[in-house]
Each structure stands twice: as structure tokens, then as C-alpha cells.
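>>> model the following, please.
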Amino acid sequence: MTSRHADLPKRIALTDERRGGSPFEQLERLGPTDAIILRHYDTPSRARADLAKKLRLASVSQGVRLLIAGDQRLAHHVKADGLHLPRWLVKRGYDWRRRVQPGFVITAAAHNEAELIAAAQSGVDAALLSPVFPTASHPEANALGPVKFATLAGRVPIPVYALGGVTRTTVQRLAGVENRVGWAAVSGI
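Next comes the predicted model:
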């Protein structure tokens, strides 16, 4: 891991309005080495902006970093700590490092080798690779498993977070993965 990545969060909580749970309850389970990604893609724009402002205030008071998913303008507006790119934004082929404020943490979603490579080429700090283990949120998806996760993570020059069915227990199965920077979850943290 390069010094540029030394300050990445260890755990990342992702909000999900479809699966329930309050982002503020998720935030309470996090600490200063963690981050929360506000997704809430289906929430109307004004309500999402209000939620982002409130979550930003709460995250600052707890010392947790806030990343906004899929909306660079909103991330800058609420003075978030970074931006999370869903795969549809990564596919645009931008150099995202040039499009955001200096110091922003940029993460990207990835589900296979091609998406991991695209994320690395887009200037992100790290990718969230999923699903690593079977998960209730995507029961039809084939889980990568620890071996394939390790193989894919080793093929890219950026750190990789494990996402999908990852909990404090299952993450132990990934302990030896060299390029794994941490883990992410909707409900497992």
C-alpha cells in the first residue's frame, strides 16, 4: 500500500434505504478509522440533500468520514470527505481524481476483474469488490469466495475492500489477502 492509501478507512458502512436501517444507527457503530457511504439513490433529490447535510454534521461529531455515492456536486456541497462511484459512473471513463477536490477519498464499486481494472484506471483510491460471500441483498449473485477475491484483488494496483456477506466473522477468512485494505457492509458492521 502506498502512502497515498495509508489513511483509507478500515471499515465502510453503506446506507441502503431498501434494506431499512437508519444511516444514523449505522454511524453509531463506527469509529474514527471508519467511513460511511450515503447511497440512498431512490430518495428524492431534495430529501437526499437534507439527509446528506444531517449525516455530515453527525459524522463530523463522531470523527467518521462521509462519502457520497454517485453525486459529485452533493459531495462537494455538504463538504463530504469523498465520493463513491457506482459502476455506471466508472464506465464513463473519467479520471475522477481531476474532477474532485484535493484530499477527497474516492472509492468505486466493482463486481469482476474488468470493473476492478476500470476502477483503477479512473483514478480512485480503492475499490469495493462484491459479493465476496453469499448475501441476503443479492441472493441470486454468485459469491466470489476468499480465493477468487484474493486473486482479483492481487491483479489491480489499488487497494480493495471486501463487500457482500462480510461480517466480523467472515472477514477473518480474508486475513491473508495482501491487497485488502478493509471491509464494507450494509448490515454487518
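>>> ranges for the strands of the protein?
Applying DSSP state E to the chain gives strands spanning 11-14, 34-38, 65-69, 82-85, 105-110, 126-129, 160-163, 180-185.
>>> so what are the sheet partners of the second one and their directions?
If you go by DSSP bridges, strand 34-38 pairs up with strand 11-14 (parallel), strand 65-69 (parallel).
>>> for the ones you listed, which one sits closest to Val124?
strand 65-69 (11.1 Å; C-beta to C-beta). Heads up, the C-betas are built off the backbone N, CA and C, glycines and all.
>>> tell me what angle that closest one forms with strand 105-110.
50 degrees (axes from the mean of the first three to the mean of the last three C-alpha atoms, to 10 degrees).
>>> chain center to strand 65-69: distance?
Here the centre of strand 65-69 is set off from its chain's centre by 8 Å, with C-alpha atoms, centre = their mean, to the nearest Å.
>>> what is the least confident helix or strand in this protein?
Ranked by mean pLDDT, DSSP states H and E, the weakest helix or strand in the chain is helix 87-90, scoring a mean of 92.
>>> check the offset of that one from the chain's centre.
13 Å.
>>> also stretch 164-184?
Centroid separation between stretch 164-184 and its chain, computed with C-alpha atoms, centre = their mean, is 14 Å.
>>> so for it, mean pLDDT?
The pLDDT scores in stretch 164-184 average 93.
>>> same check, this time on stretch 124-133
Regarding stretch 124-133, the rounded mean pLDDT is 96.
>>> just the CA trace of that stretch, in PDB.
Provided in PDB are the C-alpha atoms of stretch 124-133 (Å, rounded to 0.1, in the frame of the first residue of the first chain):
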ATOM      1  CA  VAL A 124      -9.900   6.000  -7.400                       C
ATOM      2  CA  ASP A 125      -8.200   5.300  -4.200                       C
ATOM      3  CA  ALA A 126      -9.800   1.900  -3.700                       C
ATOM      4  CA  ALA A 127     -12.500  -0.400  -5.000                       C
ATOM      5  CA  LEU A 128     -15.300  -2.300  -3.100                       C
ATOM      6  CA  LEU A 129     -15.400  -5.700  -4.600                       C
ATOM      7  CA  SER A 130     -18.500  -7.800  -4.200                       C
ATOM      8  CA  PRO A 131     -20.100 -10.100  -3.400                       C
ATOM      9  CA  VAL A 132     -17.300 -12.000  -1.600                       C
ATOM     10  CA  PHE A 133     -19.700 -14.200   0.400                       C
END
